[in-house]
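**Student:** build the 3D model from these lines:
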Amino acid sequence: MAFYTKCDNLRDAHKVFDEMTERDVISWNSLLSGYVRLGQMRKARAVFEEMSDKSIVSWTAMVSGYTRIGCYGDALEIFRRMQMLGIEPDEISVVSVLPACSQLGALEVGKWIHRYSDKKRLLQSVSVCNALIEMYVKCGCIDQAWQLFDQMSGRDVISWSTMIAGLANNGKAREAVELFQEMQRVKTEPNGITFLGVLSACSHASLWKEGLKYFDSMREGYTIEPGIEHYGCLIDLLGRAGHLDQALDKIKQMPMKPDSKIWGSLLSSCRAFCNLEIALIAMEQLQDLEPDDAGNYVLLSNIYADLGKWEDVSRMRKLIRSKSMKKTPGCSLIEVNNVVLEFVSGDDTKPFAKDIFSMLQLLVAHQSMPGESIEAVPEDCSQILC
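**Tutor:** Next comes the predicted model:
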């Protein structure tokens, strides 16, 4: 059976499993891990639920499997069942579940894992610390991430890269650049992920000259060939700084075909600086790459509006209506009482939606009153509405 699972032949593996007269936890885990490795989580879940004797390997396989395919809620559910049954997570299960916490913003679960890891001396593992740092930065807790990073006795390139990107994405771009410089001083070799973080930091801090220097140093100093993500950061960097002609030249010099993200970034920068000429070049490419994305047409329409070209604005709006385009609604996640809730723009199907909208109207009404301050309100919005 182990031979079949390693060859990803789960049909024959399951056949051998069914013919076994005695099955131990190893044979169950072997079949379970085979399904997990292939991403067949429904079948893996069926095997898992049928197991009467689950080991830490069984639980970890399910958590990592769900995390790998992006089913973060299911990963957290399995992990919470582990907690309720008193099963102690090991280093691998902790590292497996933390990305789910990061993606869902499940900060309280992440904090519990931090305390548990400290108690069980798992913080001696660089992998555990790296996963916790990533969880904190993605949940916006940059101070906790920085404290943990500072306490690490040994750091690898992932530690540095995660912290640099976290600082860049949490409004501390200059600190991210300084940390990259510190990384260079201690002779830790950066990788492609590191440069994505530092280029993003330069973009947010308007350090376009430094960003160009770091981009060039990838090849010259570290023999790292920039990928399309690095070019995307570079175009964003130049675009935010208003160097649109230079950004367009860089796009033309790319060794690979620019994707919609790069042209979209350039179009967005054109909106910020009202550059219609380059915007039309970007839009021509975007019409081929993503012809049904309403957001691109809205951006171009806004540029026309800023320039007072109302006939072109009308033409864009008619084009959007004729193609029945719709913008993808935005969404956000928030953790309340250890439960992760998702909110989608325009969604009024939630049972508490009416209370939320009423509260928002109340806040707007208070803000519109000159000299009025918003008083503290009870958590139960329905008390206000009565």
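
**Student:** please enumerate the helices of the stretch 1-150 of the chain.
**Tutor:** Assigned by DSSP state H, counting those that start in this stretch, the helices in the stretch 1-150 of the chain fall at 2-6, 10-19, 25-37, 41-50, 56-68, 72-84, 91-104, 107-119, 126-138, 142-151.

**Student:** would you turn those helices into TSV with mean neighbour count?
**Tutor:** C-beta: built from backbone N, CA, C; applies to glycine. Formatted as TSV, the helices of the stretch 1-150 of the chain follow (neighbours: other Cβ atoms under 10 Å):
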stretch	mean neighbour count
helix 2-6	16
helix 10-19	14
helix 25-37	21
helix 41-50	16
helix 56-68	23
helix 72-84	19
helix 91-104	23
helix 107-119	17
helix 126-138	24
helix 142-151	16
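
**Student:** relative to Glu134, how far out is the most centrally placed residue in the chain?
**Tutor:** For the chain, the residue nearest the mean C-alpha position is Gln103 (6.1 Å; Cα atoms, centre = their mean). Gln103 sits 10 Å away from Glu134, going by Cβ to Cβ, to the nearest Å.

**Student:** where along the stretch 201-350 of the chain do the helices fall?
**Tutor:** Secondary structure of the stretch 201-350 of the chain (DSSP H, counting those that start in this stretch): helices at 208-222, 228-240, 244-252, 260-273, 276-289, 294-306, 310-322.

**Student:** now the angle from the shortest one to helix 208-222?
**Tutor:** Translated: helix 244-252. Interaxial angle of helix 244-252 relative to helix 208-222 (axes from the mean of the first three to the mean of the last three Cα atoms, to 10 degrees): 30 degrees.

**Student:** rounded mean pLDDT for helix 244-252, please.
**Tutor:** In this model, helix 244-252 has a mean pLDDT of 96.

**Student:** before we move on, what about stretch 40-47?
**Tutor:** 94.

**Student:** what of stretch 351-361?
**Tutor:** Stretch 351-361 shows a mean pLDDT of 78.

**Student:** so which bits of it are buried?
**Tutor:** By 16 or more other Cβ atoms under 10 Å, the buried positions in stretch 351-361 come out as 355, 359.

**Student:** next one: that stretch to chain centre, how far?
**Tutor:** Its chain's average C-alpha position is 28 Å from that of stretch 351-361, according to Cα atoms, centre = their mean, to the nearest Å.
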